[in-house]
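Trainee: After the sequence you'll find the predicted model.
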Amino acid sequence: MEEIIIEDVFSWMDGGTITLKMRKQQSELYEIEFVQKMILEKGKRDPDRRAPGSLLLDNEEVEIRSPLERQLLLEIKIAEFGAGINVKERDSIKKTILEAIDFVESEDYIIVAKKVGRIK
């Protein structure tokens, strides 16, 4: 299996967005983002704004319950932390990431997606 590394993690002060900078083998960095789910707004979808509760790959929404979504979540679960991630913070970061994955895999993810207009 490919080596998958989480090179950097950002936790935003917007209600819970988490951004992971990741790399497979020697590939270029790619970005996976779990968008906050605390502030839910329904209405006309603005393509320039990230939908609350969504999962993004390089700033593009990942289709709900798609093969790509399953692949990304698996990659995150098996990824190792890169040298730039503080060893003392790894347990708490891993816990936060696993909570985000649990949300995406839950029925609440579907409920939020409906509330914000991602699905009907």
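Mentor: Yes, it's here. Residues are numbered from 1 along each chain as shown.

Trainee: what helix or strand does Glu31 sit in?
Mentor: Take DSSP states H and E as the rule and Glu31 turns out to sit in strand 30-34.

Trainee: List the neighbouring strands of that strand plus their orientation.
Mentor: strand 18-24 (antiparallel), strand 55-57 (antiparallel) (DSSP bridges).

Trainee: can I get those in a markdown table with mean pLDDT?
Mentor: Shown next, in a markdown table, are these (pLDDT from 0 to 100):
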| stretch | mean pLDDT |
| --- | --- |
| strand 18-24 | 96 |
| strand 55-57 | 97 |
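
Trainee: looking at those strands, which is closest to Arg70?
Mentor: Minimum separation from Arg70 across the strands paired with strand 30-34 (C-beta to C-beta) falls at strand 55-57, 11.0 Å. Just so you know, the C-beta spots here come from the backbone N, C-alpha and C atoms, and that holds for glycine as well.

Trainee: Check what contacts that closest one and list those residues.
Mentor: 30-35, 50, 61-62, 68-69, 72, 104 (C-beta atoms under 8 Å, 6 or more residues apart in numbering).

Trainee: and the closest residue to Glu2 other than its chain neighbours, how far is that from Glu80?
Mentor: Nearest residue to Glu2 in three dimensions, chain neighbours excluded: Lys24, at 5.0 Å (C-beta to C-beta, 6 or more residues apart in numbering). Distance, Lys24 to Glu80, by C-beta to C-beta, to the nearest Å: 12 Å.

Trainee: cool, Asp91 as well?
Mentor: According to C-beta to C-beta, Asp91 stands 14 Å off from Glu80.

Trainee: Now the strands paired with strand 30-34 in a markdown table, please, with extra columns for distance to Ala113.
Mentor: Converted to a markdown table, the strands paired with strand 30-34 look like this (distance: least, C-beta to C-beta, whole Å):
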| stretch | distance to Ala113 |
| --- | --- |
| strand 18-24 | 18 |
| strand 55-57 | 10 |
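
Trainee: Format those strands as JSON lines; extra columns: mean neighbour count and distance to Lys95.
Mentor: Shown next, in JSON lines, are the strands paired with strand 30-34 (neighbours: other C-beta atoms under 10 Å; distance: least, C-beta to C-beta, whole Å):
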{"stretch": "strand 18-24", "mean neighbour count": "18", "distance to Lys95": "11"}
{"stretch": "strand 55-57", "mean neighbour count": "19", "distance to Lys95": "18"}
